[in-house]
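Student: my questions concern the predicted model and sequence given below.
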Amino acid sequence: MATKISDQLQQLSLELRFEPTPKRIRALLGEHVVLDSRRAVIVWEPRRMVPCYAVPADGVVGVLSPAAPPEPTPLAPPVLHPGIPFSGHSTPGESLDVSVGGLTAEAAAFRFDDPDLAGYLAFDPAAFSWLEEDDAVQSHPRDPFHRVDIRHSCRHIRVSSNGTVLAESTSPVMVFETGMAERSYLPPAHVDWSQLIATDTVTLCPYKGAASYWRLAGASGGDVAWSYQEPLPLAGEIAGLVCFYDNLVDVEEL
């Protein structure tokens, strides 16, 4: 019987998963090195889609101490949203504070009870600055099984809100990203900028880089569009292009 791979991966998301990485991994708290290891693994806790790094204890430079008990975190959803803090663990273990150079990151490390990860400690991606070899890592580790495919297209895409056209193009760039809905990125010349107002929102993606955002002019709602002005090399072809949330405005293929 044939197997749909994505279904199998979805089932695996309920388990504690890890994958070794050959890269040298370092983390810094301020200017101080917290860990330095060539034997790191990438770890996904059960129901978490966003991974973190874990390293053997001999790669940890910072001082570890027991953390205060965390606030209870509801773990009912089938998938833990990336916004749920690192301290909301979904597998047994011990939360630890990390101290170095007079600085402390509270509950920023985690010692697993799982025997297959015995001796390894996971670290909060958001609490430290990270390096893979000598290159900075944004947001969280890249998933080695995650792809971002960028393709130029002649689809006719129209974006509107309450009947007002916000953008329309027959030369979008389509982005197909593992586990995500397909996205249409449109040239800025094909956007009606009188309908949008820039906001202060900035988000980081480990695959695409830092995104800036816009909301609808004359509306009190949140951000409806974003763009990577200076994307990471992997996503260089979408530099300056604009994408819209299809659940907040109408994105049609004509």
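Tutor: Noted; the coordinates are in hand. What you see is a predicted model; the values in this text were computed from it and never measured.

Student: what are the ranges of the helices in the stretch 1-150 of the chain?
Tutor: Secondary structure of the stretch 1-150 of the chain (DSSP state H, counting those that start in this stretch): helices at 5-12.

Student: pLDDT weak spots in it?
Tutor: Scanning the stretch 1-150 of the chain for pLDDT under 70 picks out the ranges 70-83.

Student: one more time with 80, if that's ok
Tutor: Low-confidence segments of the stretch 1-150 of the chain (pLDDT under 80): 69-84.

Student: torsion angles phi and psi at S194?
Tutor: Dihedral pair for S194: phi -70, psi -10, per degrees, to the nearest 10.

Student: that one and T170: what is the separation?
Tutor: 21 Å (CB to CB, to the nearest Å). Using the backbone N, CA and C atoms, a C-beta is placed for each residue, glycine as well.

Student: just the element for R215, please.
Tutor: strand 209-216 (DSSP states H and E).

Student: which strands and helices sit next to that strand?
Tutor: The elements that strand 209-216 packs onto, with contact taken as 3 or more CB pairs under 8 Å, 6 or more residues apart in numbering; DSSP states H and E, are strand 196-205, strand 223-227.

Student: can I get these in JSON lines with distance to V159 and mean pLDDT?
Tutor: Output for these, formatted as JSON lines (distance: least, CB to CB, whole Å; pLDDT from 0 to 100):
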{"stretch": "strand 196-205", "distance to V159": "11", "mean pLDDT": "95"}
{"stretch": "strand 223-227", "distance to V159": "8", "mean pLDDT": "97"}
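
Student: quick one on the thing from earlier: strand partners of the strand holding R215, parallel vs antiparallel please.
Tutor: Counting by DSSP bridges, the strands paired with strand 209-216 are strand 196-205 (antiparallel), strand 223-227 (antiparallel).

Student: just to revisit the earlier point, between S194 and T170, which one's more packed in?
Tutor: T170 (13 against 8; other CB atoms under 10 Å).

Student: name the nearest residue to that one, sequence neighbours excluded.
Tutor: H156 (4.9 Å; CB to CB, 6 or more residues apart in numbering).

Student: dump the residue contacts of the one you found.
Tutor: The contact partners of H156, by CB atoms under 8 Å, 6 or more residues apart in numbering, come to 168-170, 253-254.

Student: same check on L121?
Tutor: L121 touches 54-57, 60, 64, 96, 109-112, counting by CB under 8 Å, 6+ apart.

Student: taking those residues, please make a ChimeraX selection of just the buried ones.
Tutor: ChimeraX command restricting those to the buried ones, with burial defined by 16 or more other CB atoms under 10 Å:
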select :54,55,56,60,64,96,109,110,111,112
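
Student: residue nearest the centroid of the protein?
Tutor: C205 (5.1 Å; CA atoms, centre = their mean).

Student: which residues does that residue contact?
Tutor: 138-139, 211, 228.

Student: low-confidence stretches in the stretch 151-254 of the chain?
Tutor: Using pLDDT under 80, the stretch 151-254 of the chain drops low at 219-220.
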